[in-house]
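Novice: Structure, please.
(chains A and B)
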Amino acid sequence: DAGVIQSPRHEVTEMGQEVTLRCKPISGHDYLFWYRQTMMRGLELLIYFNNNVPIDDSGMPEDRFSAKMPNASFSTLKIQPSEPRDSAVYFCASSPGAGTSSEQFFGPGTRLTVL
Amino acid sequence: DAKTTQPNSMESNEEEPVHLPCNHSTISGTDYIHWYRQLPSQGPEYVIHGLTSNVNNRMASLAIAEDRKSSTLILHRATLRDAAVYYCILKRNNDMRFGAGTRLTVKP
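Specialist: Modelled structure (predicted):
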């Protein structure tokens, strides 16, 4: 099992550019989560999907952020236009089931730097 | 949201037990207590979880107070590879909110 796969691992871009982060969840997992980690705010849940449908996007910071899950094996988080304050490590996680006792499996993260 | 309180940092000697405390006085009856850890430059990793009873797995043990207002993660023999930030989280459905965690340093 390859685990959760994220790409790219590092991304450096200039302010105003579009950024797309990609995630492949563990096969068979029905839930997919996007988190952002910064020194100031720690780990924040941005959005999560169940069976490819967005369930809770209340953590998405603003309209510049959007996430899609076109199929069970792929999700994207897009930032357009990017700003320096978006610099962070973005993690994708997947979970096999619903509910309070399910564990989440995290990917290695994408470190985004916006200049 | 129910919150957790953990010490900012702790130190341990290699091969000694480590007890990482967590206070969660506003826990509700349906909240599970989850522990994750994050090694340097990696994503968080599940450690253990429980509801009311103490739990053991290959990584650690979780001791939950009878009133559920606190819990303790126990690493029985710390190794250098256990150096990480440990997060205590109250999980309700799919909502998992990470706090600042406890940074564990393991000294050889």
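Novice: what about the strands in the chain?
Specialist: Since no chain was named, I'll use chain A. A:5-7, A:10-13, A:19-24, A:31-38, A:42-50, A:53-56, A:65-71, A:74-79, A:88-95, A:105-106, A:110-114 (DSSP state E).
Novice: could you do chain B instead?
Specialist: B:9-13, B:18-23, B:32-38, B:45-50, B:55-56, B:61-64, B:70-75, B:84-92, B:95-96, B:102-107.
Novice: Could I get those in JSON lines, plus columns for mean neighbour count, mean pLDDT and distance to residue A:88?
Specialist: Placement of C-beta: from N, CA and C, glycine included. Below are the strands of chain B laid out as JSON lines (neighbours: other CB atoms under 10 Å in any protein chain shown; pLDDT from 0 to 100; distance: least, CB to CB, whole Å):
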{"stretch": "strand B:9-13", "mean neighbour count": "14", "mean pLDDT": "97", "distance to residue A:88": "23"}
{"stretch": "strand B:18-23", "mean neighbour count": "18", "mean pLDDT": "97", "distance to residue A:88": "25"}
{"stretch": "strand B:32-38", "mean neighbour count": "23", "mean pLDDT": "95", "distance to residue A:88": "14"}
{"stretch": "strand B:45-50", "mean neighbour count": "19", "mean pLDDT": "95", "distance to residue A:88": "19"}
{"stretch": "strand B:55-56", "mean neighbour count": "15", "mean pLDDT": "94", "distance to residue A:88": "33"}
{"stretch": "strand B:61-64", "mean neighbour count": "19", "mean pLDDT": "97", "distance to residue A:88": "30"}
{"stretch": "strand B:70-75", "mean neighbour count": "20", "mean pLDDT": "97", "distance to residue A:88": "27"}
{"stretch": "strand B:84-92", "mean neighbour count": "23", "mean pLDDT": "93", "distance to residue A:88": "16"}
{"stretch": "strand B:95-96", "mean neighbour count": "21", "mean pLDDT": "78", "distance to residue A:88": "18"}
{"stretch": "strand B:102-107", "mean neighbour count": "17", "mean pLDDT": "97", "distance to residue A:88": "19"}
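Novice: Among these, which comes closest to residue A:60?
Specialist: strand B:95-96 (14.9 Å; CB to CB).
Novice: Relative to that closest one, what are the paired strands and their orientations?
Specialist: Sheet pairing of strand B:95-96 (DSSP bridges) gives strand B:84-92 (antiparallel).
Novice: got the angle for the strand it pairs with vs strand B:102-107?
Specialist: 150 degrees (axes from the mean of the first three to the mean of the last three CA atoms, to 10 degrees).
Novice: gap between the residue located most distally from the centre of chain A and residue B:46?
Specialist: The C-alpha centroid of chain A is most remote from residue A:101, which lies 21.5 Å away (CA atoms, centre = their mean). Distance from residue A:101 to residue B:46, counting by CB to CB, to the nearest Å: 11 Å.
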